[in-house]
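Engineer: Can you look at this prediction? I've put the sequence above it.
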Amino acid sequence: MVQFVDENYNTINDSTGRFITGLSMGGQGSIRLIAKYPDVFDAAGSMSGVMDLNESTKKYGIVKLLGEYETTTTHP
């Protein structure tokens, strides 16, 4: 898809000109795509994207992108 867009539209033909974002499931997808292909996109945005950071951290190396984090669980 990226190659097609670069060949058919006036783009900046490297990662510094590529940003991806999505809403809901698309937001989750955009974060996974930039984690999986960091050399293709310069930035990603997620609007209301639900993610399991524990699973994604292991599979896509999210810690490298976001840094270390702690999770807390509170129950009423």
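Structural biologist: Arrived safely, thanks for sending.
Engineer: rest of the way, CA atoms for contacts and neighbours
Structural biologist: Will do.
Engineer: Would you point out which residue is most central in this structure?
Structural biologist: Most central in the chain under Cα atoms, centre = their mean is residue 31, positioned 1.9 Å from the mean C-alpha point.
Engineer: now it, nearest residue through space, not along the chain?
Structural biologist: Leaving aside its chain neighbours, residue 31 sits nearest to residue 44 (6.0 Å; criterion: Cα to Cα, 6 or more residues apart in numbering).
Engineer: how close does that neighbour sit to residue 8?
Structural biologist: According to Cα to Cα, to the nearest Å, residue 44 stands 22 Å off from residue 8.
Engineer: same deal with residue 27?
Structural biologist: If you go by Cα to Cα, the gap between residue 27 and residue 8 works out to 25 Å.
Engineer: And those two? Which one has more around it.
Structural biologist: residue 27 (21 against 8; other Cα atoms under 10 Å).
Engineer: tell me what the helix or strand that one falls within is packed against?
Structural biologist: Counting by DSSP states H and E, the secondary-structure element that holds residue 27 is helix 25-36. Using 3 or more Cα pairs under 8 Å, 6 or more residues apart in numbering; DSSP states H and E, the elements in contact with helix 25-36 are strand 19-23, strand 43-47, helix 53-60.
Engineer: Least confident of those, on average?
Structural biologist: Mean pLDDT values for these show the minimum at helix 53-60, a mean of 64.
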